[in-house]
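1. quick one: sequence and predicted model below, then my questions.
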Amino acid sequence: MRESTAASTDRTPLLRVSIVGVAYRATGTAFDHEWFGITEREAAAMDPRRRMNLELAVEALDDSGLGCLARGSRAAVVFGGATGFAAGPTNSAHQLSRALDLHGPSLTVDSDRASPLVAVDTAVRLLADNAVPFVIAGGADLTLLPDLSGLTVPPDSGRCTVLVLQRTLDAARTGTRSYAEIAGTGLGFPGSGATDAHIALRNHPTPHSPTFRGEEPPILIPLSAPDPAALHSLAQDLAQIVTTYPTLREFATAVARLVPDEVRAALLAHDTTDAAIQLRALAQHIAAAISPSTVYSANYRATTPAPSDPGTAEVGHLRLDNTPGPGEARWADITANSLAAGREPSPQNGSGTTTGAVRRPGAAFATTRGSAGTDASVAVAQGNSCGAGAGVVRRFVGSVVSAVARPAGIGAVVGVSEQRREGGVLLLFSGGGGHARMGRGLAGRYPVFAGALTEAADAVAEAGGPRVWTPRTGFGHGEAGEDFAQPALFVLQVALAELLESWGVRADAVAGHGVGEIAAAAVSGAVSLGDAARIVVARGRLLSKIGDHGAAAVLEATPAEALRLLEPMRATVGVAAIDGPRSVIVSGEPRYIDALVRRAHRRAIFAQRINAESAVAGTIAVPHIPQVRAVAPQLITELAGITPRRPECAVYSTTRRGAVIGGQADPGMDALYWGENAAGPVELGAALEQAAADGFSTVVEVGPHPVLAAIVREQAAFRESTYSVASRADEAASFLRTIARLHLDGRAVDWTALGPQTAPPPQRRWRRKLSVDGGAVQPPEVPIRAEGTYVVSGGLGNSGAVAVRWLLDAGARDVVVLTRMPRALPPPLDGMDDWIVVMRCDAADRKDLATALHDIRECGSPIRGVVHAGREPDRTAAVNLLELTASDPTDFTIGFSTSGWQPLSRVSGATGR
């Protein structure tokens with residue numbers, strides 16, 4: 001940076017600080033004030049450099065890959081500007097902090113020509129405070145040396161430059177690519193005769209992506225945009241560039257780390273081709289779900305063109321809509337019927353006619369629930385590339401799937417949402433669902449998980465338990481029995497909680513079912529990991545002595561009704577769990593359980609014995625409660641030495657009905673508590689009711705397989721927000737789907753867990769108003785398709801540039817401009833060269849125009865629309881365009897001039913089209 005020639009008088013030793021993000025641009029007048037929550041009047045009163053700094057700060061965050069961590073953090077903002085730069089009711093640093101919800105220092109420094117350098121110097125010193133994760137710094141005329149790590153910023157006066165600075169050690173930890181490292185700073189003025197005028201930088205190696213062994217599960221790609229129309233455009237742009245990235249992981253990491261916005265989507269894919277298919281499908285169905293007139297806003301643009309793939313089929317039909325009213329059909333059903341008929345699906349009413357436009361933009365993405373409890377906000381829309389007639393919709397009670405069958409190995413669009421779920425996240429640790437291969441898929445992919453498994457397994461071994469986990473054999477080397485199964489489940493659950501935290505999913509509270517409450521206590525800090533290992537080893541050993549000679553049954557009855565039923569046999573049958581207002585599990589002697597079931601049937605109460613096969617399938621093992629109660633005092637004596645602690649988050653007890661561990665008068669989870677835990681009953685229903693009353697809105701079941709999700713969804717507060725971390729079918733993909741659904745709910749996710757960022761992100765494209773001669777232009781309500789070619793005649797004057805920009809913002813990816821005198825693209829079209837072809841042609845010359853149109857058709861893409869632009873459109877050219885494109889499958893032929901948009905037939909004087 002060329003600013004200083006004199007050393008700073010402040011000799012405070014500097015940390016190693018890296019430049020991890022950079023953005024620069026010449027000062028202009030255009031500004032997306034809505035993104036920053038600034039009114040148009042306030043934006044007009046701002047200094048252009050201040051406006052530019054705001055947009056560049058977001059672009060620099062995108063470039064750094066720290067955008068996903070910005071909101072709610074203690075990141076600092078330091079802008080520098082000359083005298084008068086900070087004038088106004090608020091300064092730009094404060095405005096940026098407000099827009100991004102940054103809680104760190106926000107400063108605007110004024111030190112004449114050295115102000116931008118002072119800002120960077122101040123930013124470096126702010127990073128001495130470990131509470132500041134990174135700093136956004138810069139200002140006008142801050143010029144970077146052109147030979148440093150590719151940061152080639154032209155030295156023109158009037159340019160604004162914004163940097164993102166991070167401690168070098170933190171950059172390595174978060175996998176952030178680093179341009180250069182700051183070795184020292186100096187402040188002064190050019191020409192003072194002192195030393196070199198810049199901040200000294202040294203090259204810093206860029207981290208490489210880790211390699212993973214074995215078959216890779218799908219990769220999660222999260223997306224976000226300010227509104228559905230912008231998300232539609234973003235999906236189109238990313239579909240064009242995804243295949244230009246070396247690997248899908250690099251693409252996913254670059255996209256995931258962008259600054260998040262309000263409307264969110266997520267998809268899973270196995271490779272870049274699969275991702276392109278999903279992105280195109282997502283764009284198609286967003287466009288179908290919102291009014292065509294709203295699909296013109298765009299916030300990102302591709303930086304690299306992607307070659308079209310003629311062998312790639314459009315799949316993944318996603319339909320998300322509000323609960324249908326009278327006479328309306330469900331979008332998911334329409335999608336399946338349309339696929340079976342071999343045509344593009346469209347929303348229809350009961351009479352077969354097309355319905356009107358959506359009532360409001362984005363209404364199609366509201367969370368809805370069908371009669372079976374299907375969560376439409378996270379519908380998995382899967383495509384079918386096997387031809388017409390192969391699509392079948394299946395609905396699952398209690399699941400979140402509304403899917404069209406598709407070949408194995410292809411990813412899926414997980415969902416779209418613009419709602420943000422308020423309330424806390426409750427981690428619920430189940431008491432069963434274990435299997436021999438649990439943990440292996442996650443351990444092979446996530447070192448954090450593998451390390452947590454080893455640490456918890458070591459704690460169990462030190463407590464006198466078996467070695468339940470080894471990297472070589474996983475959990476599959478142990479013998480059947482509770483003395484192995486319970487410690488194994490505990491180890492897995494502790495590691496899963498650690499994995500969730502590495503992704504930014506932190507528990508606001510925890511609860512556990514049976515043995516799962518031990519892992520909940522360890523994760524919350526209510527007991528140490530060592531004490532928790534002692535508890536689970538002693539509990540498992542005790543229950544293994546009892547054996548599996550008992551039986552269990554589930555009753556659809558209130559707890560009071562269940563107690564009346566088992567009163568005559570209370571010595572041999574006991575209540576094991578109360579999962580809800582009318583869901584009770586009892587266990588005891590097999591012949592008395594059978595008698596209890598018969599008694600229930602005679603009283604018209606549903607009752608069913610839980611057999612061994614259902615337990616093997618993943619249900620929770622239910623101990624012989626009367627026998628456990630008899631030996632519980634032994635457990636209390638064995639655990640007398642454990643030391644309960646105050647938990648770091650609330651623990652909703654399932655052992656003591658209605659209790660929340662962590663209060664002032666609470667004795668904690670001592671030996672007596674764990675004796676009660678083993679003897680039962682498990683009061684899951686009461687714990688969930690208390691959590692819902694306290695404002696919790698999301699439950700994440702932590703276990704190897706979902707066994708409690710259906711029970712939790714019976715609670716109204718959690719019906720549409722209960723997710724399971726893993727499943728025995730594909731635990732890695734299940735984990736990613738849970739992360740995706742939390743993202744759709746608006747939960748904070750640390751996307752650095754996807755891996756280091758080694759590739760540049762897509763460039764953000766801000767919303768700009770179309771204008772001609774200073775007047776705003778309302779775009780016409782016509783459909784725009786990504787796969788067609790659009791012809792704009794009349795050259796690249798003001799009207800022509802506006803017409804081309806409107807087409808590209810609306811989703812067009814191939815625009816041919818006909819002009820008598822080709823020239824460079826004007827400023828409104830900067831960076832859009834990849835999608836624009838300028839052809840020399842005089843539209844008023846019929847033969848010349850016919851030749852040009854023939855050449856366009858020869859390229860293989862159909863002409864979908866024609867725009868004749870100019871200050872005063874030429875009638876002869878308009879007639880030629882109408883007549884020579886009459887046989888093309890155009891959606892519109894319109895004219896655009898200073899008087900606005902109008903049908904081309906009106907310009908030409910024709911009465912046909």
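-> Done, it's in.
2. going by C-alpha atoms from here, please, whenever you check contacts or count neighbours.
-> Will do.
3. CA-only coordinates of the lengthiest helix in the chain in PDB, if you can.
-> For the chain, the helix with the greatest residue count under DSSP state H is helix 482-502. Presented in PDB, the C-alpha positions along helix 482-502 are these (Å, rounded to 0.1, in the frame of the first residue of the first chain):
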ATOM      1  CA  GLU A 482     -25.800 -53.500  27.700                       C
ATOM      2  CA  ASP A 483     -22.300 -53.300  29.300                       C
ATOM      3  CA  PHE A 484     -21.000 -52.600  25.700                       C
ATOM      4  CA  ALA A 485     -24.000 -51.100  24.000                       C
ATOM      5  CA  GLN A 486     -24.600 -48.300  26.500                       C
ATOM      6  CA  PRO A 487     -21.000 -47.000  26.600                       C
ATOM      7  CA  ALA A 488     -20.800 -47.300  22.800                       C
ATOM      8  CA  LEU A 489     -23.900 -45.100  22.400                       C
ATOM      9  CA  PHE A 490     -22.500 -42.600  25.000                       C
ATOM     10  CA  VAL A 491     -19.200 -42.300  23.100                       C
ATOM     11  CA  LEU A 492     -21.000 -41.800  19.700                       C
ATOM     12  CA  GLN A 493     -23.400 -39.200  21.100                       C
ATOM     13  CA  VAL A 494     -20.600 -37.100  22.800                       C
ATOM     14  CA  ALA A 495     -18.700 -37.100  19.500                       C
ATOM     15  CA  LEU A 496     -21.900 -36.100  17.500                       C
ATOM     16  CA  ALA A 497     -22.400 -33.200  19.800                       C
ATOM     17  CA  GLU A 498     -18.800 -32.100  19.200                       C
ATOM     18  CA  LEU A 499     -19.300 -32.400  15.500                       C
ATOM     19  CA  LEU A 500     -22.400 -30.300  15.600                       C
ATOM     20  CA  GLU A 501     -20.500 -27.600  17.500                       C
ATOM     21  CA  SER A 502     -17.800 -27.600  14.900                       C
END
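4. farthest from the middle of this protein: give me that residue.
-> Most distant from the centre of the chain: residue 568, at 54.6 Å, with distances by Cα atoms, centre = their mean.
5. that residue belongs to a helix?
-> Yes - using DSSP: H, G, I helix; E, B strand; the rest coil, the assignment for residue 568 is a helix.
6. residues near residue 466, how many?
-> The tally of other residues near residue 466 (other Cα atoms under 10 Å) stands at 18.
7. kindly report the same for residue 549.
-> Other residues near residue 549 come to 10 when the count uses other Cα under 10 Å.
8. ok, now how distant is it from residue 680?
-> Separation of residue 549 from residue 680 (Cα to Cα, to the nearest Å) stands at 18 Å.
9. cool, residue 465 as well?
-> 23 Å.
10. over to residue 759?
-> From residue 759 to residue 680 the distance is 54 Å (Cα to Cα).
11. likewise residue 480?
-> From residue 480 across to residue 680, the span is 23 Å (Cα to Cα).
12. tell me the helices and strands packed up against the longest helix of the chain.
-> Here helix 482-502 touches helix 447-462, helix 516-524, helix 529-546, strand 698-702, going by 3 or more Cα pairs under 8 Å, 6 or more residues apart in numbering; DSSP states H and E.
13. and the third one with helix 447-462, angle?
-> Yep, that's helix 529-546 we're talking about. Orientation of helix 529-546 against helix 447-462 (axes from the mean of the first three to the mean of the last three Cα atoms, to 10 degrees) gives an angle of 60 degrees.
14. quick one, phi/psi of residue 219?
-> Dihedral pair for residue 219: phi -100, psi 140, per degrees, to the nearest 10.
15. these two touch, right, it and residue 252?
-> Yes - counting by Cα atoms under 8 Å, residue 252 is a contact partner of residue 219 at 7.4 Å.
16. more crowded one of the two?
-> residue 252 (27 against 22).
17. who's in contact with that one?
-> Residue 252 is in contact with 219, 220, 221, 222, 754, counting by Cα atoms under 8 Å, 6 or more residues apart in numbering.
18. just flag the most distant two among those.
-> 222 and 754 (10.7 Å; Cα to Cα).
19. contacts for the one helix or strand residue 41 maps to?
-> Here residue 41 sits within helix 40-45, counting by DSSP states H and E. Helix 40-45 has contacts (Cα under 8 Å, 6+ apart) with 31, 33, 34, 51.
20. quick one: which of those is nearest residue 15?
-> Distances from residue 15 to the contacts of helix 40-45, taken by Cα to Cα, are shortest for residue 51, at 30.9 Å.
21. right, and that closest one touches residue 31 too?
-> Yes - counting by Cα under 8 Å, residue 51 touches residue 31, with 6.6 Å between them.
22. between those two, which one's more packed in?
-> Neighbour totals were compared for residue 51 and residue 31, and residue 51 leads with 23 against 20 (other Cα under 10 Å).
23. contacts only, for the more buried one.
-> 31, 43, 92.
24. will you turn the residues you listed into CSV that also has distance to residue 237 and pLDDT?
-> Below are those laid out as CSV (distance: Cα to Cα, whole Å; pLDDT from 0 to 100):
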residue, distance to residue 237, pLDDT
31, 21, 84
43, 28, 84
92, 30, 85
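25. what's the separation between the residue farthest from the centre of the chain and residue 604?
-> According to Cα to Cα, residue 568 and residue 604 sit 19 Å apart.
26. for stretch 800-815, buried residues please.
-> Buried residues in stretch 800-815, counted by 16 or more other Cα atoms under 10 Å: 800-815.
27. just the residues contacting the strand or helix carrying residue 561, thanks.
-> Secondary structure assignment for residue 561, by DSSP H and E: helix 559-566. With contacts defined as Cα under 8 Å, 6+ apart, helix 559-566 is touched by 555, 573, 574, 575, 578, 581, 582, 583, 584, 596, 599, 600.
28. how does it look with 7 Å?
-> 573, 584, 596 (Cα atoms under 7 Å, 6 or more residues apart in numbering).
29. what do you get for stretch 439-455?
-> 212, 213, 474, 491, 492, 495, 496, 498, 499, 731, 732.
30. mind giving me the ChimeraX select for the residues you listed, buried ones only?
-> If you want just the buried ones from these in ChimeraX, going by 16+ other Cα under 10 Å, the selection is:
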select :474,491,492,495,496,498,499,731,732
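31. need the contacts of stretch 439-455 in JSON lines (columns: distance to residue 562).
-> As requested, these are exported to JSON lines (distance: Cα to Cα, whole Å):
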{"residue": "212", "distance to residue 562": "52"}
{"residue": "213", "distance to residue 562": "52"}
{"residue": "474", "distance to residue 562": "41"}
{"residue": "491", "distance to residue 562": "34"}
{"residue": "492", "distance to residue 562": "34"}
{"residue": "495", "distance to residue 562": "37"}
{"residue": "496", "distance to residue 562": "35"}
{"residue": "498", "distance to residue 562": "39"}
{"residue": "499", "distance to residue 562": "39"}
{"residue": "731", "distance to residue 562": "36"}
{"residue": "732", "distance to residue 562": "40"}
